[in-house]
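**Student:** need a 3D model of the following:
(one chain, ligands or ions: 3)
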Amino acid sequence: MAKCSLCGAPAVAEVRYARLRLCREHFLEFVERKVERAVREHHMIRRGEKVVAAISGGKDSATLAGVLARLRERLGFGLVLAHIDLGIGEYSVRSRRASERLADELGLPLLVLSVEELLGDGVPRLAMKARRPACSVCGIVKRYLLNALAIEARADRVATGHNADDIAAYALKAFLTQNLEDLRKQKPATPSIEGLAVSRVKPLYSVYEKESYLYALLRGLPFYHEECPHARLTSLDFHLKEMINKLESRHPGIKLQLVRGLARNADRYPGEDWEPVPCRHCGLISYGGECSFCRLTSRVKGEPLGGKVRGKIRSLIEGSHI
Ligand code: SF4
Ligand code: ZN
Ligand code: ZN
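**Tutor:** Ligands and ions are numbered 1, 2, ... in the order given. Below you'll find the predicted structure:
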């Protein structure tokens, strides 16, 4: 049986790009150190800040919450978990349950926002009414609710569980389609814009998907394995991930080189042409005076709902003492 390169105990993982075989303890430490290094290097979280970690119920959010829970004392920050119940049938029921179990396991406060309760419809019905793909509506709703929650909770950061495979696939897609603004968005940390948007950070940006999966398994963190029914195995993102992993198996470390290089160079790519301004309906970030959430809800619900939704989130937070 293969042995750990560091202590000789039975190895549970091979990290080819680092030429290491690692036992359980050393693998967990390897992932935690990688995340800590990323957080420090890109100033993702400063001492005394309040972080909202967005958790979907899947493996990456379990790893995100698990590692941040361990780092918070050493780095001195506060941590709250947030889950958005998207109203996608059984998938959402199980994802929500997994998020609640994760919060219990880690002893962390959890805020749940239900799209159905806030808007009267879940993501699939909203998408049908808007005649748009579910993922595009889902993206608008998730982004908006997380930002609104962080603003109302007076948080300093929103942390998401994007891993190196996600970022490498987005980056290649942005390059192939020449949407160079999207390359800039792959930065590990974006700044806050006073009153409009809370800084977004990606502490797992250099952690490979399979490392994230193994970390959650080895720590015994609860997560839900199934993919969302709207995730398509035929999508370009999926094929790009496959392609990058084939490259990685022949050239170990190429994925890491891509995401670390992008983290250093993201500012060299073009940004949005427009300056962010407050949405005239809800006051949060928009480009042009109306945010995409208010535009979407005007179309499918007959009125822009950003302001009302912010009010409901505020009451939820006041009731939860977070
Ligand atoms: Fe939302 Fe699409 Fe992801 Fe499902 S696959 S959670 S609909 S973005
Ligand atoms: Zn070891
Ligand atoms: Zn708005």
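
**Student:** which stretches in the stretch 1-150 of the chain count as strands?
**Tutor:** In the stretch 1-150 of the chain, the strands defined using DSSP state E, counting those that start in this stretch lie at 13-15, 20-22, 50-54, 78-85, 110-114.

**Student:** of all the ones you listed, which one is nearest ligand 2?
**Tutor:** Set against ligand 2 and scored by C-beta to the ion, the strands of the stretch 1-150 of the chain come closest in strand 20-22, at 5.9 Å. The C-beta positions use only the backbone N, C-alpha and C, and glycine is treated the same way.

**Student:** partner strands of that closest one and their direction?
**Tutor:** If you go by DSSP bridges, strand 20-22 pairs up with strand 13-15 (antiparallel).

**Student:** same question for the strand it pairs with: list its buried residues.
**Tutor:** Neighbour-count burial for strand 13-15, counted by 16 or more other C-beta atoms under 10 Å, picks out 13, 15.

**Student:** contacts for it, please.
**Tutor:** With C-beta atoms under 8 Å, 6 or more residues apart in numbering as the test, strand 13-15 has contacts from 2, 20, 21, 22, 27, 30, 211, 214.

**Student:** start and end of stretch 231-239, how far apart?
**Tutor:** Start-to-end span of stretch 231-239 (C-alpha to C-alpha, to the nearest Å) is 12 Å.

**Student:** an error on my part: the question was meant for stretch 182-196.
**Tutor:** 20 Å.

**Student:** what comes up buried for it?
**Tutor:** Buried residues in stretch 182-196 (16+ other C-beta under 10 Å): 183, 184, 185, 186, 187, 188, 189, 190, 192, 196.

**Student:** the fourth one against residue 171, yeah?
**Tutor:** Yes. Taking C-beta atoms under 8 Å as the definition, residue 186 is a contact partner of residue 171 at 5.5 Å.

**Student:** what residues are shared contacts of these two?
**Tutor:** Common neighbours of residue 186 and residue 171 (C-beta under 8 Å, 6+ apart) are 259, 262.

**Student:** per-residue confidence for the nearest residue to residue 193 once chain neighbours are set aside?
**Tutor:** Using C-beta to C-beta, 6 or more residues apart in numbering and skipping residues adjacent in sequence, the residue nearest residue 193 is residue 276, 5.7 Å away. For residue 276, the model assigns a pLDDT of 93.

**Student:** show me which residues of the protein are close to ligand 2?
**Tutor:** 4, 6, 7, 9, 23, 26 (C-beta under 5 Å from the ion).

**Student:** out of those residues, the closest to ligand 1 would be?
**Tutor:** residue 26 (33.2 Å; C-beta to the nearest ligand atom).

**Student:** count the neighbours of the residue lying closest to that closest one once chain neighbours are set aside for me.
**Tutor:** Spatially, and ignoring its direct neighbours in sequence, residue 26 is nearest to residue 6 (4.9 Å; C-beta to C-beta, 6+ apart). If you count neighbours by other C-beta atoms under 10 Å, residue 6 ends up with 16.

**Student:** what does residue 220 give?
**Tutor:** 9.

**Student:** residue contacts, residue 148?
**Tutor:** Contacts of residue 148 by C-beta under 8 Å, 6+ apart are 282, 284, 306, 309, 310, 313.

**Student:** likewise for residue 221?
**Tutor:** Counted by C-beta under 8 Å, 6+ apart, residue 221 has contacts 62, 63, 65, 66, 102, 105, 106.

**Student:** out of those, who's nearest residue 159?
**Tutor:** Using C-beta to C-beta, residue 65 comes nearest to residue 159 of these, at 8.9 Å.

**Student:** can you tell me how far that closest one is from ligand 2?
**Tutor:** 25 Å (C-beta to the ion, to the nearest Å).

**Student:** now residue 266
**Tutor:** 35 Å.

**Student:** and for residue 44?
**Tutor:** 28 Å.

**Student:** what's the local residue count around that residue?
**Tutor:** 23.

**Student:** with adjacent residues omitted, what lies nearest to it?
**Tutor:** Closest to residue 44 by C-beta to C-beta, 6+ apart is residue 201, at 4.0 Å.

**Student:** contacting residues around the one you found?
**Tutor:** 39, 42, 44, 45, 51, 157, 158, 159, 160, 188, 189, 190.

**Student:** nothing else from me, thank you.
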